[in-house]
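Trainee: Attaching a predicted model along with its sequence, questions to come.
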Amino acid sequence: MQRLNRKALQQLPASIAQPDYHLDASAAGIVHLGIGAFHRAHQAVFTDALLNLHGGDWRIIGVSLRSDTVYDQLAAQDGLYSVLSRDAEQQELRVIGSVAQVLRAHRELDAVIDAIAAPAIHIITLTITEKGYCQTDDGSLDLANPDISHDLANPDQPRTAVGVLALGLQRRFERGGQAITVISCDNLAENGRVMAAVLRDYVQRCFPGLLDWLAEHVAFPCSMVDRIVPAISEGQRMAQCEQLGFDDASAIATEPFMQWIIEDDFHSDRPGWEEVGVQMVADIRPYERMKLQLLNASHSAIAYLGLLANKETVDQVMATPWLGDYIARLMADELLPALQVPRGFDVAAYAQQLQQRFSNPYLQHRCAQIAMDGSEKIRQRWLPRLQTAQPSPLLVKALAAWCAVVLLSGHELHDPRADELLQWRASDAGLSTRVQQVLALAGINSSSCPGISELLAMVMDDMNCLAAQGVQVMLTGKQVRQ
Ligand code: CS2
């Protein structure tokens, strides 16, 4: 099968949408750090839709910070890739043309720094995952992080997104200092403010002469992003290539739903993304909390309980009545009542829609993928609810499931704190001590959680039940007939 590329566009079946703009006529105006599948299915798709409307110099220079994969996939395809969005009601396959180029920071750092400094670039977007922000529990730069220590010692050869961004902005300042906007697109509360704070800490140490310019000329709006974009399986990819008639190494399979809400705080020109459905709001916090503490909170619960129940994917969890019921109750009884929702927002309908999205059988979203980086995700998703005065017996069961996956199972752990978590898995200290240590790695401790002793006791009860009688009894309280 021939590779998808510019030449292939002329031969695509008419049913497959493709860029309606001249790829060469639209220059790049955005640099994106962390070009994974999520970016390609979300911000790049919104921007592609805008270019389809009326062109404009808003194509994207995508940057990988460590890996060659996306470069290898897209360089051979002139930056083109296909996105299949599908659920029970609809499906659409389209080829996206908004990514102009991919650069690899670990190989061509100077080109990345030049791109950030270029006056034609007005926007930097980020999908660097929670751990990419390198913050401590109090939101300052984590000086104990080995990659941050590396970058602080070698600010001209940075490895982290924070270090790359700082070096790029320093060069931009030296080259005239045109204002720019950095938009965070990761699942953490007040993501823009977190980035602004860690970057300021970093710059203070490496480029103190940049501080005033940074404060005045660089905006860091927060944004809430939503689209479920699982890692594609080889089987799904092959089926998508068949439909396309070309080999797409960078194929993406996702859902029709997509949402992007950005805090309206720009210091630079920007694309008119509102024309393609992006919302600009004055206060992002209610949207952000709703997304993190409802969608992502239940997603993580699904992941750990699903792993323990031997369910491969999210839709399998949702289709298992005792698990699906638990998720519905978790949302309705504990997560929803704790939320302050955006005014006029029908949150019950949102929760209903979430359950449908999770049940989408075409996504094949693996529990193991969502289970990654628990120590970072749990503090964003579950901790706020655990900090309220209300007890959270259902959410505690999910917490017990995470502790069980970490301490009592043989599951592989992908987590920035994996070394410490595995050390506690192997330790012969008492279970309660180990649970306490594991919770602390997710930011759950006596200073963040006033009710920590009761919480710990509840987690222990659930874990004991789980170990003795299994996950179904732990969740439902009912004996299971074999
Ligand atoms: C998921 C998210 O992997 C995960 O942790 O919860 O990536 C989720 O699919 C997106 O935030 C949906 O917008």
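Mentor: Here it is on my side, so go on. Numbering: from 1, shown residues only.
Trainee: contacts and neighbour counts: CA atoms only from here.
Mentor: Will do.
Trainee: pretty sure residue 139 is touching residue 196, no?
Mentor: No. Using CA atoms under 8 Å, residue 139 is not in contact with residue 196, being 10.3 Å away.
Trainee: For these two, indicate the residue with more neighbours.
Mentor: residue 196 (22 against 14; other CA atoms under 10 Å).
Trainee: Dihedrals phi and psi, the residue found closest to that one once you drop the neighbours it is linked to in the chain?
Mentor: Leaving aside its chain neighbours, residue 196 sits nearest to residue 220 (6.2 Å; criterion: CA to CA, 6 or more residues apart in numbering). In terms of degrees, to the nearest 10, the main-chain angles of residue 220 are phi -130, psi 70.
Trainee: Might you enumerate the residues of the stretch 351-482 of the chain proximal to the ligand?
Mentor: In this structure, the stretch 351-482 of the chain approaches the ligand at residues 369, 370, judged by CA under 6 Å from any ligand atom.
Trainee: my bad, the chain
Mentor: Counting by CA under 6 Å from any ligand atom, the chain sits next to the ligand at 225, 226, 227, 228, 229, 296, 299, 369, 370.
Trainee: Spatially, which two of the residues you listed are the most separated?
Mentor: By the measure CA to CA, 225 and 369 form the most distant pair in the residues of the chain next to the ligand, at 18.1 Å.
Trainee: quick one: which of these two has more around it?
Mentor: Neighbours were counted for residue 225 and for residue 369 using other CA under 10 Å; residue 225 has more, 23 against 14.
Trainee: Show residues contacting the helix or strand hosting the more buried one.
Mentor: Element membership of residue 225, judged by DSSP states H and E, is strand 223-226. Strand 223-226 has contacts (CA atoms under 8 Å, 6 or more residues apart in numbering) with 42, 183-187, 190-192, 257-263, 284, 287-288, 291.
Trainee: Make a PyMOL selection of the buried ones in these.
Mentor: Buried residues among the contacts of strand 223-226 (16 or more other CA atoms under 10 Å), as a PyMOL selection:
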select buried, resi 42+183+184+185+186+187+190+191+192+258+260+261+262+263+284+287+288+291
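Trainee: Among the contacts of strand 223-226, which are located in strands?
Mentor: Counting by DSSP state E, the contacts of strand 223-226 place 183, 184, 259, 260, 261, 262, 263 in strands.
Trainee: Residue 293 is in contact with residue 381, isn't it?
Mentor: Yes. The pair formed by residue 293 and residue 381 meets the contact definition of CA under 8 Å, at 5.1 Å.
Trainee: what's across from the closest residue to residue 288 other than its chain neighbours in the sheet?
Mentor: What sits nearest to residue 288 in space, not counting adjacent residues and going by CA to CA, 6+ apart, is residue 224, at 5.5 Å. Note on residue 224: beta-bridge partners residue 261, judged by DSSP bridges.
Trainee: Residue 224: neighbouring residues, count only.
Mentor: The burial count for residue 224: 27, using other CA under 10 Å.
Trainee: Tell me the span between the first and last residue of stretch 21-32.
Mentor: Start and end residues of stretch 21-32 are separated by 21 Å (CA to CA, to the nearest Å).
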